[in-house]
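Engineer: model this:
(2 chains)
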Amino acid sequence: MPDLILVAAFGWSTILLGAGGVVLLRASDTLHRLLALDVLASIVIILLTTLSYVHGVSYYVDAALGLALLSFAATLVAAPYITRRRRAP
Amino acid sequence: MVEPVLAVVGVVLLLAGCALATVGLIGLLLKPDLFDQLHVAGLVTGPGVILVLLASVGTGSAGTVTSAILVIAFVLITSSISTHVIAHAGARRYTRAETSSSPASTGAPSVTLDPNVDAAAARTRLSSGMRVIVAYDGSPAAHVAADLAAAIDWPGGTVIRLIGVADRDLQPFDPTPGFHTGETLPADVSEVADLARPAQVVQRPGISVETAVLGGDAADVIVDEAVSFGADVLVTGSRRRGLVSSLLGLSAAGDIVDRAPCPVLVARSRALGTVMLTTDGSPQSVLATELVARWPIFDLARIHVVAVSTDPGPAVHATTRAPSRPAGDQRIVDAAAATLMDAGRDVVTEVLHGRPAREIVEAAGRRSIDLIVIGSRGRTGLGRTLLGSVAGEVLASASCSVLIVGPPVRRPPPRVS
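Structural biologist: Next up is the predicted model:
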């Protein structure tokens, strides 16, 4: 794949990461925040994958796999925990 | 021959994945409702990621393609489960919020609250004097705390114990009624131990003031003292916290609030003329209501009772949720107001809409409230750092005093002496 496209895709995913941060900051309650974190993890996976294409090495994708696993576990643990909260005053 | 074709396919997949992720993020930014957001977030967490990973065919590297296929298989399973889990939590949370008003509005709230608290007995005991701890470290914030303690009209017979905390370990003074003035203290602790001024400020006929200087970690010492003294309320100053330290919970006041065995009054103003009681029908806010109804120091105050409707917006579920919820919040407010009016309080009620902490703080600013009374679930440590708490947010951002009422039964962690 042409380097120009790869670098552009990498730069664009970085911008998306920033947009994901904005989503996280604008989240109005904890469930929205959890969802924003889930999306942020996905964007980081995209970022790591494009990075791996740019450098032509595969281990960034393995890192992405680890991240996907952690983010999934975090969501599974956090969502029921949040539901147990009583409603905020 | 195949390679250029794969490269083109890879570029197309990569760009398509980035485009899908972009569309998803724009949707996330435009849609406030959780369920709408789940829909568009699915574009990023599912197809967006998978297309970018599929673009690995364009790299021609077997290792990268293998890893990418593994991740794709994983993401196919996990992204749908994650979305389902969040949606499930959202559905349960909103239906619970809808029904949570019914217990508070049907019966006497004090019955469901805590069987150990006999309201009448407590009232009798309180009218013959309260047990108050004022934490004092010589800072301007501590002066405010002392001034507020002085301005409050404590019932006759109240015992106020002023606690100065020295950083280094000292032999604790045995506090006896009356004054320990500066002369009786070691010279090297005079800067924290100058309790004579606040003691004079607080001193009034009918109430007794004790002073003690103790050594050790401020929050530990004050919480221990509140436990052994059997304090009804703990008054402390609060230095304005920065963003980082408030995120990490690095503040003696926050630490005390988390662990205190009694309500904590964080002083920022010097009067208690107008009080805002925030309520949501939870056991903690019912406890806070009882407390405002019972404590003699609120006898002359004007009480604003507010509830905040956390309606996430008039989107998808407006038809099922919206009609019932404002009524529910109104019932909660009315139940609290009824309790207060039975106790002879001057009450105004209001239902706010939006983010709880922000609405409470803004409303308090608009009505020049002196004190916000708020219930807290007493979440500590990791949960507080990750999830925040409305009480913690109000405490961090309010410019008036805040009285935080914890769960009915709260024991500090056991400490080795």
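
Engineer: what number of residues lie near residue B:342?
Structural biologist: For residue B:342, the number of neighbouring residues by other Cβ atoms under 10 Å in any protein chain shown comes to 10. From N, CA and C alone the C-beta is placed, and that goes for glycine too.

Engineer: which non-adjacent residue is nearest it?
Structural biologist: Among residues not flanking residue B:342 along the chain, residue B:293 sits closest, at 7.2 Å (Cβ to Cβ, 6 or more residues apart in numbering or on different chains).

Engineer: which SSE is the residue most central in space within chain A in?
Structural biologist: Centroid-nearest residue in chain A: residue A:41, 1.8 Å away (criterion: Cα atoms, centre = their mean). Residue A:41 is located in helix A:30-55, with elements delineated by DSSP states H and E.

Engineer: Is that helix in proximity to chain B?
Structural biologist: Yes. Residues of helix A:30-55 are located near chain B by Cβ under 8 Å from any Cβ of the partner chain, namely A:30-32, A:34-36, A:38-39, A:42-43, A:45-46, A:49-50, A:52-53.

Engineer: Next one: the residue nearest to residue B:261 when sequence neighbours are not counted from chain A, what distance?
Structural biologist: With Cβ to Cβ, 6+ apart as the criterion, residue B:261 has its nearest non-adjacent residue at 5.1 Å, and that residue is residue B:227. With the distance defined as Cβ to the nearest Cβ, to the nearest Å, residue B:227 ends up 26 Å from chain A.

Engineer: Please apply the same query to residue B:153.
Structural biologist: Separation of residue B:153 from chain A (Cβ to the nearest Cβ) stands at 27 Å.

Engineer: Residue B:298 touches residue B:344, doesn't it?
Structural biologist: No. Applying Cβ atoms under 8 Å, one finds residue B:298 not in contact with residue B:344, separated by 10.2 Å.

Engineer: Out of the two, name the residue with the larger neighbour count.
Structural biologist: When neighbours are counted by other Cβ under 10 Å, residue B:298 and residue B:344 differ, and residue B:298 comes out ahead with 24 against 9.

Engineer: got the contact list for that one?
Structural biologist: B:272, B:275, B:292, B:345 (Cβ atoms under 8 Å, 6 or more residues apart in numbering or on different chains).

Engineer: can you pick the most crowded of these?
Structural biologist: The residue in the contacts of residue B:298 with the most neighbours, by other Cβ under 10 Å, is residue B:292 (26 neighbours).

Engineer: give me the low-pLDDT residue ranges for the stretch 151-300 of chain B?
Structural biologist: Scanning the stretch 151-300 of chain B with the threshold set as pLDDT under 70 gives B:166-193, B:215-217, B:239-255, B:258.

Engineer: Where do the strands of it begin and end?
Structural biologist: Per DSSP state E, counting those that start in this stretch, the stretch 151-300 of chain B carries strands over the ranges B:159-166, B:208-215, B:233-237, B:264-267, B:274-278.

Engineer: Now distance to residue B:284 too, for those strands, in a markdown table please.
Structural biologist: Putting the strands of the stretch 151-300 of chain B into a markdown table (distance: least, Cβ to Cβ, whole Å) gives the following:
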| stretch | distance to residue B:284 |
| --- | --- |
| strand B:159-166 | 26 |
| strand B:208-215 | 29 |
| strand B:233-237 | 16 |
| strand B:264-267 | 13 |
| strand B:274-278 | 10 |
